[in-house]
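Asks: Quick one, structure for this:
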Amino acid sequence: MSAATELKTDPQSYLKQERLSKEKHEFINHEIFAMSGASATHNLIVLNIGAELRSQLKQGPCLTYPSDLRVQVADNYVYPDISVVCEKPEFIDQDNLLNPQIIIEVLSPSTADYDRGGKFALYRQLGSLQEYLLVAQDRPYIEHYVRQDTHSWLLNEYQGLETILTLPSLQCQLALNEVYAKVVWE
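Replies: Numbering: from 1, shown residues only. Now for the predicted structure:
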């Protein structure tokens, strides 16, 4: 997340601007934040995960959405890297998803702290959210949070290309060698 582009505004003004904008912006606590471009590695990992999920979920009701779909949390609007919905998708204004079951963020140096902290705090407000994944792009490593009840989450850490992560709410798996396929670390 980059610096706020405006000091304060209201959700309706943000949505009006955002629908006309060529760039993406998140709206947090009445402030607008420009989304910076993602690295080639970031994009490759997002595509790898999305392709794996779509392939495993294509026969069932689940839908996998890329980062252009906005998620609404109260009066805040964010763009997860990937979101998955297995119930009927619920939208406000047809372009603000309300009920993701899984959200995945690929960590960038500029967003890692926010993704782990403030953004996860926002996401935890979603009653539909069952799992949250934070995916490193500098090494094969994933933090996997699974909702235990309303106020507690279980963290499991996965590392190494030989590791397979199970997504219990989707009844599917992510092999880290597929998540990081063709990724070259310096």
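
Asks: Need phi/psi at Tyr158.
Replies: Note on Tyr158: backbone dihedrals following degrees, to the nearest 10 are phi -120, psi 130.

Asks: ah, wrong one, I meant Arg116
Replies: Per degrees, to the nearest 10, the backbone of Arg116 is at phi -80, psi -30.

Asks: That one - nearest residue in space that isn't next to it in sequence?
Replies: Leu134 (6.4 Å; C-beta to C-beta, 6 or more residues apart in numbering). Using the backbone N, CA and C atoms, a C-beta is placed for each residue, glycine as well.

Asks: From the structure, what's the count of residues near the one you found?
Replies: Leu134 sits with 22 neighbouring residues when counted by other C-beta atoms under 10 Å.

Asks: Does anything pack onto the one helix or strand it maps to? Which helices or strands?
Replies: Assigned by DSSP states H and E, Leu134 belongs to strand 131-135. When contacts are defined as 3 or more C-beta pairs under 8 Å, 6 or more residues apart in numbering; DSSP states H and E, strand 131-135 sits against strand 102-106, helix 112-116, strand 141-149.

Asks: Run the chain-centre distance for the first one.
Replies: From the chain centre to the centre of strand 102-106 is a distance of 3 Å (C-alpha atoms, centre = their mean, to the nearest Å).
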